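In: The sequence and its predicted three-dimensional model are supplied below.
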Amino acid sequence: MSDDKTLTKIPHFDGHYDHWSELMENLLRAKGLWSLIENGFEEPKGEMLTEAQQTQLEDARTKDHQVKHYLFQAIDRTVFEQILDRRTAKIVWDSMKKKFGGNSKVKKSLLNALRREFEVLEMKREESVDEYFARVMTVANKMRSNGEEMTDTKIVEKILRTLTGKFTIPDLGLNALVLDYQGSSLELDSDSSLRV
């Protein structure tokens, strides 16, 4: 486990559980603490422990408290008060997952709303291609995180269909287009005027 020699920015829970849980999982894995969420931690009941076992138990308790500290730092008081059982980090995590992760009906409803939002997206008159691209990618990424299959082709087709009239794109075919997620850009492989 790595020591906390530097300040760690804890992802704040803003009600979007899927996004927050990914960020928090990444943090806990980086700190070598994710196993406490996956496997949990149980206090031995009435057992005599060897000195080595006692040392391991103290280490496990300390790590569990560290994970709970991260979790409690991420939530505000109203969320904290909704978590009735706070004995271990795993119990806290599972409680948040159950309360805020949504069930399949909620996720299906959210995905349907996102599909509708994606369908009606159009470039605004005063909007730059960069801004429009960012809006489309935001909705597409939300759909992906909720289980929707969003191919590059589908996204490119959507962008091309809904650009305003001031942008003319030659009929090059979809294979000429490249979506660059890391650079957040859309490019044409020819001498076209569209380069974001």
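Out: Cool, got the structure. Numbers count the residues shown, from 1 in each chain.
In: Could I get the pLDDT score of M48?
Out: At M48, the model reports a pLDDT of 87.
In: Tell me the secondary structure of it, please.
Out: coil (DSSP: H, G, I helix; E, B strand; the rest coil).
In: Distance check, it against E58.
Out: Distance, M48 to E58, using C-beta to C-beta, to the nearest Å: 16 Å. In this view, the C-beta of every residue, glycine as well, is placed from N, C-alpha and C.
In: So for these two, which sits in the more crowded spot?
Out: Here M48 and E58 are compared on neighbour count by other C-beta atoms under 10 Å; more neighbours surround E58, at 10 against 7.
In: What strand or helix carries the more buried one?
Out: helix 51-74 (DSSP states H and E).
In: Check the secondary structure at E122 for me.
Out: coil.
In: Near the closest residue to S95 other than its chain neighbours, how many residues? Count them for me, please.
Out: With C-beta to C-beta, 6 or more residues apart in numbering as the criterion, S95 has its nearest non-adjacent residue at 4.8 Å, and that residue is I83. By other C-beta under 10 Å, 17 other residues sit near I83.
In: Would you state the helices of the chain in chain order?
Out: With DSSP state H as the criterion, the chain has helices at 17-30, 35-38, 51-74, 77-82, 89-100, 104-120, 129-145, 152-162.
In: buried residues in the longest one?
Out: By 16 or more other C-beta atoms under 10 Å, the buried positions in helix 51-74 come out as A60, K63, D64, Q66, V67, K68, Y70, L71, F72, A74.
In: other SSEs contacting it?
Out: The contact analysis (3 or more C-beta pairs under 8 Å, 6 or more residues apart in numbering; DSSP states H and E) places helix 51-74 against helix 17-30, helix 35-38, helix 89-100.
In: how about the longest one: buried residues?
Out: Pointing back at helix 17-30 there. For helix 17-30, by 16+ other C-beta under 10 Å, it's Y17, W20, S21, L23, M24, L27, L28.
In: Now do the same contact list for the fifth one.
Out: Remark: with contacts taken as C-beta atoms under 8 Å, 6 or more residues apart in numbering, M24 is in contact with I10, P11, Y70, L71, A74.
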